[in-house]
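# sequence-free structure coming up:
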C-alpha cells in the first residue's frame with residue numbers, strides 16, 4: 001500500500017514538472033512579448049503626438065487595434081497637461097521675453113475624447129510645451145496569471161501584468 005501511494009505522488013509530481021512549469025514558462029514569455037509590443041506602440045504613439053502636435057481619432061483607433069492584436073484587452077489612459085502661458089509676452093516655449101511662470105492645467109481621457117468627438121476634424125490640436133502622457137494596462141487575466149494564481153496564489157484578481165506608459169513634451173504647434 002505504501003509503495004502505491006509513493007508511486008501516485010511521484011506520478012503527480014512528474015505531471016506537474018512536465019506540464020505545468022513549461023506551460024507557465026511559455027505563457028510568461030507570451031506576456032513578456034505582449035509587454036514589449038505594447039510598450040513599443042505606446043512610445044510610437046506619444047512620439048507621433050509630440051511631433052505632429054495633434055491627437056486624432058484615427059491614430060487612437062489604429063493604436064487600439066495594434067495593441068488588441070496581442071490577444072489581451074487594455075485600459076488606455078490619456079493625460080494632457082496643457083501649457084497655460086502668460087498672455088502678456090510669450091507665445092512659444094523658446095522665447096526668453098516671458099513674464100511670470102508657465103502654469104499647466106490637466107485634461108484626462110474622457111475630456112480629450114469629448115473634445116476630439118466635438119471637433120469636426122476629429123482631432124485635438126496641441127501646442128509647443130504641452131505634455132502628453134499615455135498609460136496602458138491589461139484588464140483581462142492572462143494564461144500566465146491564471147497558472148500563477150493556481151500554483152502560488154500570489155497574484156490578485158485586480159492585478160495586471162502588462163503595463164506601459166510614456167510621456168513627452170510637444171515639440172511643435174499643430175498645423176491648422
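Right, received. Where do you want to start? Every value quoted in this text rests on a predicted model; they were computed, and no experiment measured them.
# can you pull out the strands in the chain?
Remark: strands assigned in the chain by DSSP state E are 54-56, 74-84, 103-108, 123-125, 131-138, 163-169.
# partners of the residue nearest the centre of the chain in the sheet?
In the chain, the centroid-proximal residue (CA atoms, centre = their mean) is residue 136; its distance is 2.0 Å. Bridge pairing for residue 136 (DSSP bridges) gives the partners residue 76, residue 164.
# Can you give me the buried ones in the longest helix anywhere in the chain?
Determined from DSSP state H, the single longest helix within the chain is helix 21-52. Taking 16 or more other CB atoms under 10 Å as the neighbour-count basis, helix 21-52 is seen to contain the buried residues 24, 27-28, 30-31, 34-35, 37-39, 41-42, 45-46, 48-50, 52. No exception for glycine: its C-beta is placed from N, CA and C like everyone else's.
# now do stretch 108-118
Buried residues in stretch 108-118, counted by 16+ other CB under 10 Å: 112-113, 116.
# next one: stretch 127-140
For stretch 127-140, burial by neighbour count (16+ other CB under 10 Å) applies to 127-138.
# Identify the farthest-apart pair in these.
128 and 138 (33.5 Å; CB to CB).
# Can you name every helix or strand that the lowest-mean-pLDDT helix or strand in the chain contacts?
The helix or strand of the chain with the lowest confidence, counting by mean pLDDT, DSSP states H and E, is helix 143-151 at a mean of 79. Applying 3 or more CB pairs under 8 Å, 6 or more residues apart in numbering; DSSP states H and E, we find helix 143-151 packed against helix 21-52.
# For the helix it packs on, give the mean pLDDT please.
Helix 21-52 carries an average pLDDT of 92.
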